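Chemist: Coordinates only, no sequence provided:
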């Protein structure tokens, strides 16, 4: 199990460095980089690599339980469940993950928890692509346990789970990198009204008391915490 945890830690860390590093390079290459102190980026990378180690423990245990003990609800045979379940399971995982994130994220903004943990993430002013996993260990634990736990109870193909993790990694990075990749018409349209974009999450880092979602705007809209988008982020 220790080997599995180390393997998962390495994978999470490598994914972070590749995705965040790639979008950080793209941000500089397109001339959109905001003025940020090098010390901030170094801190973001340090906290993120520590978070990768924390994420690797429950992920490694779940991988070990699946691969070595044939436990969990993960599967590799695409015919083990109806084929329509593969895309449905991706949407289910994203919605349930978003739900967990929304409520734990709001909880992290309670004054005591903010000072103890979430202030680390908001110390990135302004956030960069390297801030995607810049969490205090307390917050990293809350983020690390959900998807591995869900993989024990809700069936998902291993490839579909990989897609969920890819989406989480890319959106976590692009929503912090300081500019909006999507055209303004998309962000202002039905797609932007339903899903989180950089322009939406930017308001959270400016205001702190709104826009708590991870993938979707559903819970923010339902519970009155959606304050829209940062229009100065949009491009034609």
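Modeler: Looks like it arrived, so ask away. The structure displayed is predicted, hence computed values, not measured ones.
Chemist: so where's this structure uncertain?
Modeler: Applying pLDDT under 70 to the chain flags the ranges 236.
Chemist: any idea which residue of it is furthest from its center?
Modeler: residue 79 (29.5 Å; CA atoms, centre = their mean).
Chemist: mind checking the SS state of that residue?
Modeler: coil (DSSP: H, G, I helix; E, B strand; the rest coil).
Chemist: swap in residue 212?
Modeler: Residue 212 is classified as coil under three-state DSSP.
Chemist: Distance of the nearest residue to it once chain neighbours are set aside relative to residue 211?
Modeler: Among residues not flanking residue 212 along the chain, residue 105 sits closest, at 4.5 Å (CB to CB, 6 or more residues apart in numbering). Yep, even glycine has a C-beta here, placed from its N, CA and C like the rest. Distance, residue 105 to residue 211, using CB to CB, to the nearest Å: 10 Å.
Chemist: and what of residue 218?
Modeler: Residue 218 sits 12 Å away from residue 211, going by CB to CB.
Chemist: More neighbours: which of the two?
Modeler: residue 211 (25 against 16; other CB atoms under 10 Å).
Chemist: Would you confirm that the more buried one contacts residue 197?
Modeler: No - with contact defined as CB atoms under 8 Å, residue 211 does not count as touching residue 197 (10.2 Å).
Chemist: shared neighbours of these two, which are they?
Modeler: Common neighbours of residue 211 and residue 197, counting by CB atoms under 8 Å, 6 or more residues apart in numbering, are absent.
Chemist: hey, which helix is longest across this protein?
Modeler: helix 38-67 (DSSP state H).
Chemist: What segments of this protein are helices?
Modeler: Counting by DSSP H, the helices of the chain are 2-29, 38-67, 85-108, 111-113, 119-122, 137-144, 146-153, 158-174, 184-187, 190-194, 198-207, 218-222.
Chemist: Mind giving me the packing neighbours of the second one?
Modeler: Using 3 or more CB pairs under 8 Å, 6 or more residues apart in numbering; DSSP states H and E as the contact criterion, the neighbours of helix 38-67 among helices and strands are helix 2-29, helix 137-144, helix 146-153.
Chemist: What separation is there between the closest residue to residue 235 other than its chain neighbours and residue 213?
Modeler: Leaving aside its chain neighbours, residue 235 sits nearest to residue 184 (6.1 Å; criterion: CB to CB, 6+ apart). Residue 184 sits 20 Å away from residue 213 when distances are taken as CB to CB.
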